[in-house]
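Colleague: just coords:
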């Protein structure tokens, strides 16, 4: 049996880092932390970011390793941890190794991982700059710090990752020096913590940070103190359920009767022998699109094919509401509305939209336009619009929310392409309240279509 | 129906971010996936959505997300990572009018290039294009089948008109799902994360967290997953990423042909415009116009064999698509020889059967 230490960092591993780089200390301490926890190598996945931190994969020959794109290592690790919620629990421990540059470009991933409380441990190697690409400054560069892109010293205050992630409700947060004697212990505790943990490890990049700033170990501590960054363990006592635990609990609540596909039984056969194109227009919140949906269901119950397209302003809850419907005894291909056969207008918003989108212009002499009679006063053009016209007190009689359905019923009373049984079957699928309202709107619509009411 | 197809295909992980006109897929998956034993969750952006999918897929779950052009733009980095790491996943890309945020509630077929030609190196991303609800279901099943079999990202490319039109679907017209799982490592030889014997072979899969050590990387790597610079083996791995797709191109090719052998013209259309094209073809034939029609369901890899069949004896090719510059027409051009190639193009609204018929008649003269 191999020695335990060789299960993690290979003892003879040639570390690829510059002399004096804190990364070497971090991989050693990580290896000691894993030993301390006695974690099986296959229950750890090391997810590394772009940068010198990304060289760690090959140093741990028995761990799963995932080398990722810049800043995204936390997000990939989060995905792996999320899967734990629905897999046979394997107790997988994702450990993310990321630099200060990656932490900022992937900041959102850190924040969301903390919010979700996935069991991911992130080791942020903060050497205040981008080392691999030539020592450029990062969002964590201290004020006054010289980098290759801040030759006169950085004047942007550094981001305090610990405070930021505390605000995201992270359960374990620490900031340590790479040289800290207890770093392995802190990393072990972070990994053992059930949920999100972040350890920011402050180091000096010997190639750029130390050289450009004439910085030594003592100088580093002074520098950190000047930035007001607090060292040590900062959040370690905020136990809350992990994502996996919560998801398993919540799933019971999410369980519901499997929503079977909506299968509409055939109630009767429509006599429709051609394709019909119907436009229903009204105001948001007045059951325009749901009236159109009922029509489609009734058509389906009558053995017809149907399509429905809805439109409304991006705000959804205000302005016009529109539905375009095709009904046909044959499968429907093209759904454009160049030649509407029937247009129902239930409100002024609906009229304005039909004028704006060109529907009114596309009406032909045979097109039946059923409109609320109030529109004739509001829009004088309505009286001379093209098409056959049925103006009726849709809103006054059937109320605003019944007007669209009443308009449809009025049309169908004049042109009975759908058998009554199809409507009965459709109404039967509704809740009791809704069924009574819809039945009333349909009844009123039929009544309004009677010859004495027609304009 | 994309969501229904994904559920039938055994999708167990979905991460989404709201965007019109793809939000319905997201909502249905949030509602339906958990009761089926899967996990659906809201990501804080589209980059995270796809990263989460990759992470879950690395653990063996079939994974999907849904988005539109602006979200897809953010996903392209991670799409490439999935391609490079041979991680199966499906993206439902529901097109809307672009560029940029464009028109959220307007259909378009303007993301054909963006879907296909979005990788450094120009690798082939399989793209399926449904024209109606039933095809959304069927092609999502296909997308999962090929994503898993070939360990690669696959796109289901629909648009607002296809994705947000309710329509009647005949139950018996829907295909039965076929078992589709990635090839699993059987433990019969030393495991290589990216091991293959022939360049067109798909590496066997072992999950992160399983008993076999997995070495995943998006950087140029050898078969073991070790970073290597330009070694012959690394270049062979890179060639293999394309060859495994090319080797299965004929099997992936799905088309709906309606050919009139001997007709001088071939009309090609896909997605929502294929609906208008079918209607135009019927009208033109009723007038006595001789015309073949081909609807590719697989846009990429280009279904060459089927295209060649349809091209026999044809001197004029007309491609109808709802974009400005003829994106699929340009992609097909190298396959069309010296034939006359015309486009029917439009943005801002459906191309109508009349517009297509007019273009075909004009081409006859």
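Modeller: Alright, I've got the coordinates. Everything numeric here is computed off the predicted structure, so don't read it as measured data.
Colleague: what does the stretch 251-365 of chain B have sitting close to chain A?
Modeller: Remark: the part of the stretch 251-365 of chain B in contact with chain A comprises B:275, B:276, B:278, B:279, B:349, B:350, B:352, B:353, B:354, using C-beta under 8 Å from any C-beta of the partner chain. Quick note: C-beta positions are derived from backbone N, CA and C, even for glycine.
Colleague: out of the residues you listed, who's nearest residue B:267?
Modeller: residue B:278 (9.6 Å; C-beta to C-beta).
Colleague: other SSEs contacting the host helix or strand of that closest one?
Modeller: Using DSSP states H and E, residue B:278 falls within helix B:271-286. Packing partners of helix B:271-286 (3 or more C-beta pairs under 8 Å, 6 or more residues apart in numbering or on different chains; DSSP states H and E): strand B:153-159, helix B:160-163, strand B:255-258, strand B:265-269, strand B:292-296, strand B:316-321, helix B:353-364.
Colleague: quick one on the thing from earlier: please, a ChimeraX command that selects the buried ones among the residues of the stretch 251-365 of chain B next to chain A?
Modeller: In ChimeraX, this line selects whichever of these come out buried by 16 or more other C-beta atoms under 10 Å in any protein chain shown:
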select /B:275,276,278,279,349,350,352,353
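Colleague: tabulate the helices and strands packed on helix B:271-286 (TSV), appending mean pLDDT.
Modeller: Below are the helices and strands packed on helix B:271-286 laid out as TSV (pLDDT from 0 to 100):
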stretch	mean pLDDT
strand B:153-159	98
helix B:160-163	94
strand B:255-258	98
strand B:265-269	98
strand B:292-296	98
strand B:316-321	98
helix B:353-364	96
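Colleague: okay, the ones you listed, which one's buried deepest?
Modeller: strand B:153-159 (a mean of 29; mean count of other C-beta atoms under 10 Å in any protein chain shown).
Colleague: now tabulate the helices and strands packed on helix B:271-286 in CSV and tack on distance to residue A:15.
Modeller: CSV is the format used below for the helices and strands packed on helix B:271-286 (distance: least, C-beta to C-beta, whole Å):
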stretch, distance to residue A:15
strand B:153-159, 35
helix B:160-163, 52
strand B:255-258, 56
strand B:265-269, 58
strand B:292-296, 53
strand B:316-321, 55
helix B:353-364, 66
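Colleague: so which strand or helix has the residue of chain B found nearest chain A?
Modeller: Across chain B, the shortest distance to chain A (C-beta to the nearest C-beta) belongs to residue B:55, at 1.9 Å. Element membership for residue B:55, per DSSP H and E: helix B:46-58.
Colleague: center of chain B, which residue is that?
Modeller: residue B:127 (1.8 Å; C-alpha atoms, centre = their mean).
Colleague: ok, now how distant is residue A:350 from residue A:396?
Modeller: Relative to residue A:396, residue A:350 is positioned 16 Å away (C-beta to C-beta, to the nearest Å).
Colleague: neighbour-wise, which of the two wins?
Modeller: residue A:350 (30 against 12; other C-beta atoms under 10 Å in any protein chain shown).
Colleague: contacts only, for the nearest residue to the residue of chain B closest to chain A once chain neighbours are set aside.
Modeller: Counting by C-beta to C-beta, 6 or more residues apart in numbering or on different chains, residue A:79 is the residue found nearest to residue B:55 once chain neighbours are left out, at 1.9 Å. Residues in contact with residue A:79 (C-beta atoms under 8 Å, 6 or more residues apart in numbering or on different chains) are B:15, B:51, B:52, B:53, B:54, B:55, B:56, B:57, B:58.
Colleague: let me know the average pLDDT across stretch A:144-152.
Modeller: Predicted confidence along stretch A:144-152 averages 96 (mean pLDDT).
Colleague: now that stretch: how far from the chain's centre is it?
Modeller: Centroid separation for stretch A:144-152 versus its chain: 39 Å, with C-alpha atoms, centre = their mean, to the nearest Å.
Colleague: can you pull the buried residues of that stretch?
Modeller: A:145, A:146, A:147, A:150.
Colleague: if I read this right, the first one contacts residue A:153, doesn't it?
Modeller: Yes - contact status for residue A:145 versus residue A:153: in contact at 6.4 Å, counting by C-beta atoms under 8 Å.
Colleague: the closest residue in space to residue A:160 that isn't next to it in sequence in helix, strand or coil?
Modeller: Excluding the flanking residues, the one nearest residue A:160 by C-beta to C-beta, 6+ apart is residue A:229, at 6.2 Å. Secondary structure assignment for residue A:229 (DSSP: H, G, I helix; E, B strand; the rest coil): coil.
Colleague: could you measure from residue A:229 over to residue A:129?
Modeller: According to C-beta to C-beta, residue A:229 and residue A:129 sit 16 Å apart.
Colleague: and the two? which has more neighbours close in?
Modeller: Ranked by neighbour count (other C-beta under 10 Å), residue A:229 and residue A:129 place residue A:129 first, with 30 against 19.
Colleague: per-domain residue ranges of chain A.
Modeller: Chain A breaks down into these domains under automatic domain parsing: A:4-251, A:276-453.
Colleague: which of the ones you listed sits closest to residue B:181?
Modeller: domain A:4-251 (15.0 Å).
Colleague: surely residue B:25 is within a helix?
Modeller: Yes - using three-state DSSP, the assignment for residue B:25 is a helix.
Colleague: tell me the SS of the residue nearest to it when sequence neighbours are not counted?
Modeller: With C-beta to C-beta, 6+ apart as the criterion, residue B:25 has its nearest non-adjacent residue at 3.8 Å, and that residue is residue B:66. The local conformation at residue B:66, judged by three-state DSSP, is strand.
Colleague: show me the contacts for residue B:66.
Modeller: So residue B:66 contacts B:2, B:3, B:14, B:16, B:22, B:25, B:26, B:29, B:91, B:92, B:93, B:94 (C-beta under 8 Å, 6+ apart).
Colleague: give the helix, strand or coil label for residue A:45.
Modeller: Secondary structure, three-state DSSP: residue A:45 is strand.
Colleague: check what pLDDT it gets.
Modeller: What the model reports for residue A:45 is a pLDDT of 98.
Colleague: for it, the count of nearby residues, please.
Modeller: When neighbours are defined as other C-beta under 10 Å, residue A:45 has 26 of them.
Colleague: which helix or strand in chain A has the lowest average pLDDT?
Modeller: None of the helices or strands of chain A scores lower by mean pLDDT, DSSP states H and E than helix A:243-254, at a mean of 85.
Colleague: so what's the residue in the stretch 151-300 of chain A positioned nearest to chain B up against?
Modeller: Closest contact between the stretch 151-300 of chain A and chain B, by C-beta to the nearest C-beta, is at residue A:254 (4.1 Å). Contacts for residue A:254 (C-beta under 8 Å, 6+ apart) come out as B:34, B:35.
Colleague: now swap in residue A:353 and tell me
Modeller: A:281, A:311, A:319, A:320, A:322.
Colleague: and if we set it to 10 Å?
Modeller: Residue A:353 sits next to A:279, A:281-283, A:311-313, A:319-322, A:345, A:347, A:359-360 when contact means C-beta atoms under 10 Å, 6 or more residues apart in numbering or on different chains.
Colleague: buried subset of the residues you listed?
Modeller: Judged by 16+ other C-beta under 10 Å, buried ones among the contacts of residue A:353: A:279, A:281-283, A:311-312, A:319-322, A:345, A:347, A:359-360.
Colleague: ok so, going back, quick one: which of the contacts of residue B:66 is the most crowded by neighbours?
Modeller: Neighbour counts for these (other C-beta under 10 Å) peak at residue B:14, which has 34 neighbours.
Colleague: touching, that one and residue B:49? I think so.
Modeller: Yes - applying C-beta atoms under 10 Å, one finds residue B:14 in contact with residue B:49, separated by 8.9 Å.
Colleague: where's the nearest residue to residue B:260 once chain neighbours are set aside relative to residue A:239, distance?
Modeller: Of all residues not flanking residue B:260 in the chain, residue B:292 sits nearest, at 5.0 Å (C-beta to C-beta, 6+ apart). Distance, residue B:292 to residue A:239, using C-beta to C-beta: 68 Å.
Colleague: now swap in residue A:371 and tell me
Modeller: Separation of residue A:371 from residue A:239 (C-beta to C-beta): 64 Å.
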